[in-house]
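Asker: sequence plus the predicted model coming up.
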Amino acid sequence: MNSGPVDESSALNERDVSVQAPYRDRSHAGRCLAEALGAYAGRADVLILGLPRGGVPVAYEVACALAAPLDVLVVRKLGVPGHSELAMGAIASGGGRVINRDVVELAGISEAQIEAVAEREERELRRRESAYRGERALLQRTEHCLILIDDGLATGASMRAAVEAVRHSKPARIVVAVPVAPPSTLAQLREVADEVICPAAPESFYAVGQWYVDFSQTSDEEVRALLERAQLREQRAHAEKTE
């Protein structure tokens, strides 16, 4: 793995949060996560990538706090046929794909079924990529420190696909940062990312939403608005530097 700054709040990564719902909403979670990512503030090589939809409001707050640009990385879950809520893997823009072979074998899923689901989700992935980014080009990722952010993780399949996707762009460092996730998932992600930051890692974990007071669904419109707001902030900052 690449070397990088030591997270002074690393003790938080293994904290078992006993209080229900430590986060008021995604914006609050983003501000809390930004504190744990303080070592990356003000660096010119840092790029924040939010996983839509719910990860973008969290990532926006982190990008503001760290004075870093924000972009979106679309990831789609591959649901088991007939049980779409159960993930057998995930795909991400840029070509990343993760398949949970344990789930595939247990459910008796064929390769043809996997490809059919992947093809359908690929179409939706491309649609969302266009809807969120519009005509804006991908921000520079090569030789940058990429911080991948979601609003929380359960199995981590989507985030693993995201890590695989951005690895193709040859970044200098990949950091996974989420407000809450179970320790087992964080351990798996440490095998593929250069660093994993997570302020709340409860042993008793049922769903991401249980750790939020307000976990209402993030809309496509909100994602677009936050990306546009982040772009305007970057433009103003650039203009101030060149005056």
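Answerer: Yes, it's here.
Asker: any low-confidence regions in the chain?
Answerer: For the chain, the stretches flagged by pLDDT under 70 are 1-20, 243.
Asker: ranges for the helices of it?
Answerer: Secondary structure of the chain by DSSP state H: the helices cover 26-36, 55-66, 101-107, 111-133, 157-167, 183-189, 220-242.
Asker: and the last one, what's buried?
Answerer: For helix 220-242, the neighbour count (16 or more other Cβ atoms under 10 Å) marks E222, V223, R224, L226, L227, A230, R233, E234 as buried. From N, CA and C alone the C-beta is placed, and that goes for glycine too.
Asker: and the fourth one, what is it in contact with?
Answerer: Meaning L226. V56, P57, Y60, L70 (Cβ atoms under 8 Å, 6 or more residues apart in numbering).
Asker: of all those, which comes closest to R127?
Answerer: V56 (16.3 Å; Cβ to Cβ).
Asker: quick check: closest non-adjacent residue to R133.
Answerer: V72 (6.3 Å; Cβ to Cβ, 6 or more residues apart in numbering).
Asker: correct me if wrong: that neighbour contacts I48.
Answerer: No. Taking contacts as Cβ atoms under 8 Å, V72 lies outside contact range of I48: 9.9 Å.
Asker: of those two, give the one with the bigger neighbour count.
Answerer: I48 (32 against 27; other Cβ atoms under 10 Å).
Asker: residues near the residue nearest to L73 when sequence neighbours are not counted, how many?
Answerer: Sequence neighbours aside, L49 is the residue nearest to L73 in space, at 4.3 Å (criterion: Cβ to Cβ, 6+ apart). Neighbour count for L49, taken as other Cβ under 10 Å: 27.
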